[in-house]
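Coordinates for the following, if possible.
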Amino acid sequence: MSHIGETTNIKNSSFITHGVPLHGVKIVPLKKHNDERGFFMEVFQEYWDGPIDPVQWSVVQSQKNVLRGPHIHLEHDEYIAALSGHVHVGLRDVRPDSPTRDCSCMIELSGENPAAVLFPVGMVHGWYFSEDTVHLQAVSESYRDYHPRDNFGCHWSDPELDLPWPCTDPIVANRADTFPPLSELVAKIYPEESPVIV
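Presented below is the predicted three-dimensional model:
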C-alpha cells in the first residue's frame, strides 16, 4: 500500500496521454484522506527527491479554454498540480545534454485524480485548461527575482512542439500570440547548439 506522496516513475504513469517519458520529470500522485469533515492532502514533501526546491507557491485560477505559455526558463524549476478542474500539461525537452532531447510529453491532471508534475529547467511548458480550473504552482526562484533573459516562449500551435493541445482557438495572452516558432526559440537560448551555415 502506498503512502502519501509516494513518487511514481513517469514512464509507468497513467497520467501521460501523448509522447514519451522525459528525463528528470516526476509525477507524484496526491492522496486525499477523506472523513466526515472534508479531506486532507499533502501537496509537497522534501523527501520526494524531485527536481525542484520551491521558494514560492502560487494559486492560479484559469477559465475554460485558456492556454498559458508555452514558456521556458533556464534559471528555475517548476511544479504544477490541479486542485479543481482539468489541465493538460505540455512539455517539450530542448536541453542539449538530455537523453530525451527533442521529445515531448502531454500529461493530464485533474481535481478528481490529483497529482503533481515536477520538472527541471530547460523544458518548454504550457498549460491548457479544458474546464474552469484552479491549480497550484511552485517555482525555485521568486517571481520578484525573475529576469527578462529567463522568460521566453514559443507559439503554442507550432507543429514542431509535438503537443496535441485539445483545442483550435484557445484564449492566450497578447504576448503569447507573438511568440516565435520553437526553432527560433531554441536558437536564441542555446546559440552554441545552432547549426553553422557556411
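
Report the contact partners of W127.
Taking Cβ atoms under 8 Å, 6 or more residues apart in numbering, we find W127 in contact with S62, L67, R68, G69, I80, V87, H88, V89, G90, H135. Yep, even glycine has a C-beta here, placed from its N, CA and C like the rest.

nearest residue to the second one other than its sequence neighbours?
Spelled out, that is L67. Spatially, and ignoring its direct neighbours in sequence, L67 is nearest to P170 (3.7 Å; Cβ to Cβ, 6 or more residues apart in numbering).

Near that neighbour, how many other residues are there?
19 (other Cβ atoms under 10 Å).

Likewise for H33?
So H33, with other Cβ under 10 Å, has 10 neighbours.

next one: D77
21.

From what I see, it and L118 are in contact.
Yes: judged on Cβ atoms under 8 Å, D77 makes contact with L118 at a distance of 7.3 Å.

and for the two, which residues touch both?
Shared contacts of D77 and L118 (Cβ under 8 Å, 6+ apart): P51, I52.

circling back: in JSON lines, list the contacts of W127 along with pLDDT and secondary structure.
Listed next are those as JSON lines, based on pLDDT from 0 to 100; DSSP: H, G, I helix; E, B strand; the rest coil:
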{"residue": "S62", "pLDDT": "98", "secondary structure": "strand"}
{"residue": "L67", "pLDDT": "98", "secondary structure": "strand"}
{"residue": "R68", "pLDDT": "97", "secondary structure": "strand"}
{"residue": "G69", "pLDDT": "94", "secondary structure": "strand"}
{"residue": "I80", "pLDDT": "98", "secondary structure": "strand"}
{"residue": "V87", "pLDDT": "98", "secondary structure": "strand"}
{"residue": "H88", "pLDDT": "98", "secondary structure": "strand"}
{"residue": "V89", "pLDDT": "98", "secondary structure": "strand"}
{"residue": "G90", "pLDDT": "98", "secondary structure": "strand"}
{"residue": "H135", "pLDDT": "97", "secondary structure": "strand"}
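
Kind regards, and thank you for your time.
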